[in-house]
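Engineer: fold the following.
(chains A and B)
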Amino acid sequence: MRPVYMVSGGITKFAKALPQTDFRRMVKDAFDYALADLPRLSRDRIDGSVCSYFSDHFTRQLMAGAMVQDYLGLNPKPSRRVEGGGATGGLCFQSAWESVASGRMEVCLAMGFETMGRVNTWKGNEFIALASDTNFDYPVGGFYTGYYAMMVNRHMHEFGTTVEQMAKVAIKNHLNAVYNPYAQRPGRLTVEDVRAALMVAEPLTILDCCQMSDGAAVAILASEEMAQKLGGTPVRVTGVGSGTDAMRMADRPHGEVILLPHENREEYADLKYPGVHSFRGGRVAAQNAYRMAGINDPGQELDFVELHDAYTSSEIQTCEDLGLCRYGEGGSFVDSGAPFMPNLDYGLSFSGSGKWRPLPVNPSGGLLACGHPVGATGLMQAVFAFWQLQGTIEKHLKDATLQLPDPRRGLIHSHAGTGTYITVSIMERV
Amino acid sequence: MDRNAKLPETEGGTILFNTDPIIIKHHYEVDYLHSYAQDSPFFVGLTKGKLMGSHCTGCGRRYATPRGHCMECGEPTEWVEIPGEGRVHTFTTCHFGGEAFLKETPFTLVMVEFDGVDTLFLSRLIGAKPEEVKIGMPIRARFLRNCKFKPTDVYFVPM
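Structural biologist: Numbering: from 1, shown residues only, chains lettered A, B, ... in the order given. Have a look, this model is predicted:
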């Protein structure tokens, strides 16, 4: 394998519905933005593409990826679709990485979209729930928020996690998004706002859950030689990892924790793992990505994380899977203030625990506040991480607030199902 | 050749929501000939008031939700009756849901744990208010008399 760099990226505004543009045009807009941002990159330098969208039901069109390819003028170059539920975008990014790392392509376009505003919200929830076992899970409840609510109730039972800690995640991500013009639902919230909001599946209120979105994002990856030729400020992808677990969370084992290098067996002596409170696939994805990137203690060696916070609860669960804190400490990690942007006033007082160094999680606003057009989401994270590491947040967001002062290494995390497919990729400033 | 060929006009129309851009109603519906295949005995069990799980012939692992082959060792499983009494492993009450289930809200989902069984079972719990449901609470299975051949033919109630 050879080194792979991200050389440009683009996204559209994420919104509940973008009826003026179809999926082809959304991707085209994101693609044109990425091309304009790197003048030496012309369309003919692109060797092929990978297209990412989750649901044919939303698209009402099979082989929609082929239609994007031709709308972008990339025929007859190679292209393919990847699909893996919520992790579709992360899988797409890694598939493009493989194309370049293997030497098959010099420049590969990862492009993703979803058009969820084409059906009403509750039909959309039904489509998403079809990504659970349709014999045994879907007919019983058919609702992903219900599945995540069950997971966090068990997390609360095992570890003492609280709804207030979850609300703080909502406050963080929505306030971060106030400074991100691409975001769908920015806002200044209080713990009371989150708890008083419409109850969806106990204990998750509507402000604990991401929304349905229309939107597109692209990430362009290149070999070292091409990255040098193209100029700009490339960012190196130094690690990729992915993992899986049983589609039905009922089938998950209750065994031993999979350890990261900075953990030991004794600290988890009494924990049945992963059960329904943790994501074993996320832990394996992180383990693989850390090994490739040479990371031994992620809490010390990462500068920011863009993770798949479809729910406030899943951000807390995921911080543990990624080893930003120990299993069971996700709530305290939030209370400490470590995952918050150091330069923003969230109207919260933090525990002041010095256990964790500041490590902003979802500086962009994450899925909770940016939105979750599924096939675009994992690529949206790549784009925000890319701009963060380039130091170009002010240029692209027209506001410098979310620019971290000296970020060297970031992590992006994409997640499907109840933890069924998960990807982790590490990006580093060159 | 008929140079005046003309399609017949119809009285049908299109439901239009918007004109800029044009947004029309597109209906889509399908009936599948869906087979439960190797999982069929589970649904037969429901008609007899029995919860049928899987017992691995290789490693002995027991699954509350059936599967023809073991997830851990890959060996075939045999059918085994799961006890009708268990405990709430976790739960939630859904106030919204997918469109197909909206009319049933609020409903309570439970993951059920059973003694001697290694995995859980997703079901609905009735007969308890949301605030009355607790992790560890003993519950028992009940079965619909008029089977629908769906996993909702079994549900749980407090003991």
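Engineer: which stretches of chain B form strands?
Structural biologist: Applying DSSP state E to chain B gives strands spanning B:16-19, B:22-24, B:51-56, B:62-63, B:77-82, B:85-94, B:107-113, B:121-125, B:138-143, B:154-158.
Engineer: roughly how far out does the shortest one sit from the chain middle?
Structural biologist: Averaged C-alpha coordinates place strand B:62-63 at 18 Å from its chain's average position (C-alpha atoms, centre = their mean, to the nearest Å).
Engineer: quick one on the thing from earlier: including distance to residue A:76, could the strands of chain B go into JSON lines?
Structural biologist: Yep, even glycine has a C-beta here, placed from its N, CA and C like the rest. Converted to JSON lines, the strands of chain B look like this (distance: least, C-beta to C-beta, whole Å):
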{"stretch": "strand B:16-19", "distance to residue A:76": "36"}
{"stretch": "strand B:22-24", "distance to residue A:76": "32"}
{"stretch": "strand B:51-56", "distance to residue A:76": "49"}
{"stretch": "strand B:62-63", "distance to residue A:76": "48"}
{"stretch": "strand B:77-82", "distance to residue A:76": "48"}
{"stretch": "strand B:85-94", "distance to residue A:76": "48"}
{"stretch": "strand B:107-113", "distance to residue A:76": "49"}
{"stretch": "strand B:121-125", "distance to residue A:76": "47"}
{"stretch": "strand B:138-143", "distance to residue A:76": "58"}
{"stretch": "strand B:154-158", "distance to residue A:76": "54"}
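Engineer: nearest to residue A:133, out of those?
Structural biologist: strand B:121-125 (8.9 Å; C-beta to C-beta).
Engineer: for the stretch 151-300 of chain A, which residues are neighbours of chain B?
Structural biologist: A:151, A:153-154, A:157, A:198-204, A:246, A:248-254, A:276 (C-beta under 8 Å from any C-beta of the partner chain).
Engineer: from these, list just the buried residues.
Structural biologist: Buried residues within those, counting neighbours by 16 or more other C-beta atoms under 10 Å in any protein chain shown: A:151, A:153-154, A:199-204, A:246, A:248-253, A:276.
Engineer: tell me the pLDDT of the residue nearest to residue A:85 when sequence neighbours are not counted.
Structural biologist: Leaving out its chain neighbours, the residue that sits closest to residue A:85 by C-beta to C-beta, 6 or more residues apart in numbering or on different chains is residue A:416, at 3.1 Å. If you check residue A:416, the pLDDT there is 98.
Engineer: how many neighbours does residue A:416 have?
Structural biologist: Residues within reach of residue A:416, counting by other C-beta atoms under 10 Å in any protein chain shown, total 28.
Engineer: which ones are touching it?
Structural biologist: A:84-88, A:131, A:422 (C-beta atoms under 8 Å, 6 or more residues apart in numbering or on different chains).
Engineer: change it to 6 Å
Structural biologist: Contact analysis of residue A:416 by C-beta atoms under 6 Å, 6 or more residues apart in numbering or on different chains lists A:84-87.
Engineer: one more: residue A:37?
Structural biologist: Applying C-beta under 6 Å, 6+ apart, the residues contacting residue A:37 are residue A:8.
Engineer: how much space between it and residue A:7?
Structural biologist: 9 Å (C-beta to C-beta, to the nearest Å).
Engineer: what does chain B put close to chain A?
Structural biologist: B:21, B:23, B:65, B:90, B:92-102, B:109, B:111, B:119-122, B:135, B:150-152 (C-beta under 6 Å from any C-beta of the partner chain).
Engineer: now stretch A:262-271: average pLDDT?
Structural biologist: 95.
Engineer: list the buried residues of that stretch.
Structural biologist: A:268, A:271.
Engineer: same deal with stretch A:78-97?
Structural biologist: A:79, A:81-97.
Engineer: cool, stretch B:45-57 as well?
Structural biologist: Within stretch B:45-57, the residues scored as buried using 16+ other C-beta under 10 Å are B:45-46, B:50-56.
Engineer: so how far is it from its chain's centroid?
Structural biologist: 16 Å.
Engineer: and stretch A:345-355, by the same measure?
Structural biologist: On C-alpha atoms, centre = their mean, the centre of stretch A:345-355 falls 25 Å from the chain's centre.
Engineer: one more: stretch B:150-159?
Structural biologist: Here the centre of mass of C-alpha atoms in stretch B:150-159, compared against the chain's by C-alpha atoms, centre = their mean, lies 11 Å away.
Engineer: what's the pLDDT at residue B:140?
Structural biologist: 98.
Engineer: that one touches residue B:83, doesn't it?
Structural biologist: No: between residue B:140 and residue B:83 there is no contact under C-beta atoms under 6 Å: 9.1 Å.
Engineer: skipping adjacent residues, who's closest to the residue in the stretch 251-400 of chain A that chain B sits nearest to in space?
Structural biologist: Minimum separation of the stretch 251-400 of chain A from chain B (C-beta to the nearest C-beta) falls at residue A:251, amounting to 5.1 Å. Nearest residue to residue A:251, sequence neighbours excluded (C-beta to C-beta, 6+ apart): residue B:119, at 5.1 Å.
Engineer: same check, this time on residue A:336
Structural biologist: residue A:353 (4.2 Å).
Engineer: near chain B, which residues of the stretch 1-150 of chain A are found?
Structural biologist: Checking the stretch 1-150 of chain A against chain B by C-beta under 6 Å from any C-beta, the hits are A:19-20, A:122-123, A:125-126, A:129, A:136-137, A:139-143, A:146, A:149-150.
Engineer: show me what contacts residue B:69?
Structural biologist: residue B:76.
Engineer: nearest residue to residue A:21 other than its sequence neighbours?
Structural biologist: Of all residues apart from its sequence neighbours, residue A:29 sits closest to residue A:21 (C-beta to C-beta, 6+ apart), at 6.9 Å.
Engineer: element containing that neighbour?
Structural biologist: helix A:23-37 (DSSP states H and E).
Engineer: in that helix, which residues are buried?
Structural biologist: Buried residues in helix A:23-37 (16+ other C-beta under 10 Å): A:23-31, A:33-35, A:37.
Engineer: one step back: of the buried ones among the residues of the stretch 151-300 of chain A next to chain B, which belong to helices?
Structural biologist: A:151, A:153-154 (DSSP state H).
Engineer: hey, where'd the strands end up in chain A?
Structural biologist: Going by DSSP E, chain A shows strands at A:4-11, A:48-52, A:79-82, A:107-115, A:199-201, A:204-205, A:214-223, A:235-244, A:254-255, A:273-274, A:304-306, A:409-415, A:421-429.
Engineer: so for residue A:263, which of those sits nearest?
Structural biologist: strand A:273-274 (11.8 Å).
Engineer: list the helices and strands that closest one packs on?
Structural biologist: If you count contacts as 3 or more C-beta pairs under 6 Å, 6 or more residues apart in numbering or on different chains; DSSP states H and E, strand A:273-274 packs onto no helix or strand.
Engineer: and that strand, which strands flank it?
Structural biologist: Paired strands of strand A:273-274, with direction, are strand A:254-255 (antiparallel) (DSSP bridges).
Engineer: which among the buried residues of helix A:23-37 gets closest to residue A:330?
Structural biologist: residue A:30 (32.5 Å).
Engineer: nearest residue to the closest one in space, please, no chain neighbours.
Structural biologist: Using C-beta to C-beta, 6+ apart, the closest residue to residue A:30 is residue A:10 (4.1 Å).
Engineer: count the neighbours of that neighbour for me.
Structural biologist: Residue A:10 - counted by other C-beta under 10 Å - has 24 other residues nearby.
Engineer: OK, contacts around it?
Structural biologist: So residue A:10 contacts A:30, A:33-34, A:218 (C-beta under 6 Å, 6+ apart).
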